[in-house]
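Trainee: here are the coordinates; sequence isn't available:
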């Protein structure tokens, strides 16, 4: 036996062949990976292309919108008019008109007398009062805050310098205590008092000096809550008076709408029945209980009902009113089982009914027209599409004209979307030279894309409306397409389009509607999967085919990898076998040499 045979030389062809097969499989797998990478690039390009198709498709609904193409604008004789404001809807009647407003619509209301609440205190409070009155913490001054407060005195008749007096509002003090603080702090110059008859506080400077109330850094809002304001002598009225005073501008007693009705300081609360009661407004029933409900609760219930009225409280007049929410000469029907409306002064002898008025106007000096509302449209004044909101009496003119801007914007948006698609498609299909070699675009020679682009261009160039008298094609409307296939963009001739849109809006709409419907047909299946189920089978996009091809490649690649793994195991096994054979050969060679004495 030869040494080479013992060393496995004769069997060396087998592992070498397996390695060659493995290398071929690996090269094939790498080629598949490159193909899949190319497929991914093409799928991404088609997906991007579909985004441009979607953008184009989205412009078509606006392109054929009658409201856009028949938009109107309205101008007033006085752009800053305080008499009325106007709007014009699509298809509004074009023309100018004069409106004369002789009366505005007002709501019907029931008004109570003033001073429905008790006075702040049932007795006068002065520096000489024996009874200091309740503490500020319980006085019915809603929203009063404690803390620092400022009172400043201006120069007197003798030119005495201005003095600033710091005060402090403490809830633990009574009103009389606070008045005493004012006197002490001003050296006896300012005397404060409260009159229950007028329900007001008065501050008087005994030296006739101006009284300035409040500073930016005050903590308390006492002056605001009691409606006291600064005084300042006007020299033009004569010499400075011997005394200078300021009095609360309104009565301080008021109804507290936040507390339970039984404790809200309402004068006639004793006339309201206890327990759950019901008031009825325009047929809507509202329940209340003076022991558990506040007037704010009742106000909210009325507001949220279908009564169509509002219950309002005016703090400055201490009065209530029931107002119809709608204007016009409409009634307010009321009833009440518990007497709340009577106690509020809204029923009975103390209530005053103020009937609402209807708006009255003339159009172009025509007959008087009445309206229960200040917001009127063509059903009232007779001019289709023109809306008016009346603000005051007087005369104003309106001029309705075609508004071409929305239509030009819609067409401009369509053209921009179309041209963006064209640019992208051309970029991905064009061939370019790289280092002297012609390199095709990643979507070049794609039959589906070629068919789509041809259909799109054909729809553009063939759009026509033979029944139109003047505008029969896109070109006549001012939308032109390039005559070269290399640059198939479209453009807009603005003057031509504007002129036709102004003079022949109906025909312009016909042409654009035909175009929009034509273009929807080839684009829709790419952006709406539900449209891919066609009668003759399942519609597939290029991405569908590419993804299927990639799936097949992935399956083939998996098989190749499995084969490579198998070859690796064979090579490893053969390697072990060869090494073992070589070891046995070396052992036999040693034994032979020993036996022959070599």
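Mentor: The structure has been received and is ready for your questions. The shown structure was predicted, so the numbers you read here are calculated from the model rather than taken from an experiment. Numbers count the residues shown, from 1 in each chain.

Trainee: what mean pLDDT does the top helix by length along the chain have?
Mentor: With secondary structure taken from DSSP state H, the chain has its longest helix at helix 542-595. Averaged across helix 542-595, pLDDT comes to 79.

Trainee: can you check stretch 155-173 too?
Mentor: pLDDT averaged over stretch 155-173 gives 80.

Trainee: over to stretch 92-100?
Mentor: Rounded mean pLDDT across stretch 92-100 is 96.

Trainee: please shift the residue numbers so they start at 54 in all later answers.
Mentor: New numbering, starting at 54: the last item is stretch 145-153.

Trainee: which residues are in contact with that stretch?
Mentor: Residues from elsewhere that reach stretch 145-153 (CB atoms under 8 Å, 6 or more residues apart in numbering): 125, 127, 136-137, 414-418, 431, 434, 436-439, 441, 447-455. All C-beta atoms are positioned from the backbone trio N, CA, C, and that covers glycine.

Trainee: in strands only, show me these.
Mentor: Taking DSSP state E, the ones among these that sit in strands are 125, 127, 137, 414-416, 439, 441, 447-455.

Trainee: quick check: PyMOL command selecting the buried ones in the residues you listed.
Mentor: This is the PyMOL syntax for the buried subset of the ones in strands among the contacts of stretch 145-153, where burial follows 16 or more other CB atoms under 10 Å:
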select buried, resi 125+127+137+414+415+416+439+441+448+449+451+453+455
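
Trainee: the longest helix of the chain packs against which elements?
Mentor: helix 56-59, helix 66-116 (3 or more CB pairs under 8 Å, 6 or more residues apart in numbering; DSSP states H and E).

Trainee: how about those helices in a markdown table, adding mean pLDDT?
Mentor: A markdown table is the format used below for the helices and strands packed on helix 595-648 (pLDDT from 0 to 100):
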| stretch | mean pLDDT |
| --- | --- |
| helix 56-59 | 36 |
| helix 66-116 | 82 |
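
Trainee: of these, flag the one that's most buried.
Mentor: helix 66-116 (a mean of 16; mean count of other CB atoms under 10 Å).

Trainee: still on that earlier bit, mind putting the helices and strands packed on helix 595-648 into CSV with distance to residue 316?
Mentor: Output for these, formatted as CSV (distance: least, CB to CB, whole Å):
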stretch, distance to residue 316
helix 56-59, 120
helix 66-116, 62
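
Trainee: these two touch, right, residue 354 and residue 338?
Mentor: No: using CB atoms under 8 Å, residue 354 makes no contact with residue 338, being 9.9 Å away.

Trainee: for these two, indicate the residue with more neighbours.
Mentor: Higher neighbour count among residue 354 and residue 338: residue 354, with 18 against 13, using other CB atoms under 10 Å.

Trainee: work out for me the element the more buried one sits within.
Mentor: Assigned by DSSP states H and E, residue 354 belongs to helix 348-357.

Trainee: also residue 134?
Mentor: Using DSSP H and E, no helix or strand contains residue 134.

Trainee: how many other residues sit next to it?
Mentor: Using other CB under 10 Å, residue 134 has 16 other residues around it.

Trainee: and if you look at residue 494?
Mentor: Neighbours of residue 494 (other CB under 10 Å): 16.

Trainee: swap in residue 479?
Mentor: For residue 479, the neighbour count with other CB under 10 Å is 16.

Trainee: so it belongs to a helix, correct?
Mentor: Yes: assessed with DSSP: H, G, I helix; E, B strand; the rest coil, residue 479 lies in a helix.

Trainee: now the strands for the stretch 454-603 of the chain?
Mentor: Remark: strands assigned in the stretch 454-603 of the chain by DSSP state E, counting those that start in this stretch are 485-487, 490-492, 532-534, 543-545, 586-587, 590-591.

Trainee: got a list of what residue 618 touches?
Mentor: No residues are in contact with residue 618 under the rule CB under 8 Å, 6+ apart.

Trainee: wait, residue 252
Mentor: 168, 172-173, 301, 304-306.

Trainee: what does residue 247 give?
Mentor: By CB under 8 Å, 6+ apart, the neighbours of residue 247 are 173-174, 177-179, 228, 232, 253-255, 305.

Trainee: which of those residues count as buried?
Mentor: Judged by 16+ other CB under 10 Å, buried ones among those: 173-174, 178, 228, 232, 253-254, 305.

Trainee: inside helices: which ones of the residues you listed?
Mentor: Among these, the members that lie in helices (by DSSP H) are 228, 232.

Trainee: for the buried ones among the contacts of residue 247, give me CSV that also has distance to residue 278.
Mentor: Converted to CSV, those look like this (distance: CB to CB, whole Å):
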residue, distance to residue 278
173, 11
174, 15
178, 16
228, 12
232, 16
253, 13
254, 10
305, 8
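
Trainee: which strand or helix spans residue 401?
Mentor: Counting by DSSP H and E, residue 401 is part of no helix or strand.

Trainee: where does it fall, phi/psi-wise?
Mentor: With angles defined as degrees, to the nearest 10, residue 401 sits at phi 90, psi -160.

Trainee: let me know the pLDDT of it.
Mentor: 91.

Trainee: return the residues in contact with it.
Mentor: Applying CB under 8 Å, 6+ apart, the residues near residue 401 are residue 395.

Trainee: residues in contact with stretch 555-575?
Mentor: Taking CB under 8 Å, 6+ apart as the rule, stretch 555-575 contacts 109-110, 113-114, 116-117, 119, 122-123, 455, 457, 460, 464, 505, 508-509, 512-513, 515-518, 520-527, 529-530, 550, 553-554.

Trainee: which among these count as buried?
Mentor: The neighbour-count test (16+ other CB under 10 Å) marks 109-110, 113, 116-117, 122-123, 455, 457, 460, 464, 505, 509, 512-513, 516-518, 521, 524-527, 529-530, 550, 553-554 as buried among those.

Trainee: which of those fall within helices?
Mentor: 109-110, 113, 116, 122, 460, 464, 505, 509, 512-513, 527, 529-530, 550, 553-554.

Trainee: how about stretch 220-229: buried residues?
Mentor: Buried residues in stretch 220-229, counting neighbours by 16+ other CB under 10 Å, are found at 220, 222-223, 226-229.

Trainee: for the record, mean pLDDT for stretch 230-244?
Mentor: 94.

Trainee: that stretch: end-to-end distance?
Mentor: This stretch, stretch 230-244, spans 12 Å end to end (CA to CA, to the nearest Å).

Trainee: list the buried ones in it?
Mentor: So stretch 230-244, judged by 16+ other CB under 10 Å, has buried residues 231-232, 234-235, 238-239, 242-244.

Trainee: same question, stretch 407-422
Mentor: Here stretch 407-422 shows 409-416, 422 as buried, counting by 16+ other CB under 10 Å.

Trainee: what do you get for stretch 540-548?
Mentor: Buried, per 16+ other CB under 10 Å, within stretch 540-548: 541-543, 545.

Trainee: now these in TSV, with pLDDT and distance to residue 143?
Mentor: Listed next are these as TSV, based on pLDDT from 0 to 100; distance: CB to CB, whole Å:
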residue	pLDDT	distance to residue 143
541	80	33
542	87	30
543	90	26
545	91	21
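
Trainee: which one of these is nearest residue 326?
Mentor: residue 545 (76.1 Å; CB to CB).

Trainee: for residue 187, which non-adjacent residue is spatially closest?
Mentor: Leaving aside its sequence neighbours, residue 187 sits nearest to residue 227 (CB to CB, 6 or more residues apart in numbering; 6.7 Å).

Trainee: what lines up beside the helix or strand hosting residue 150 in the sheet?
Mentor: For residue 150, the host element (DSSP H and E) is strand 148-156. As defined by DSSP bridges, the strand partners of strand 148-156 come to strand 412-416 (antiparallel), strand 447-455 (antiparallel).
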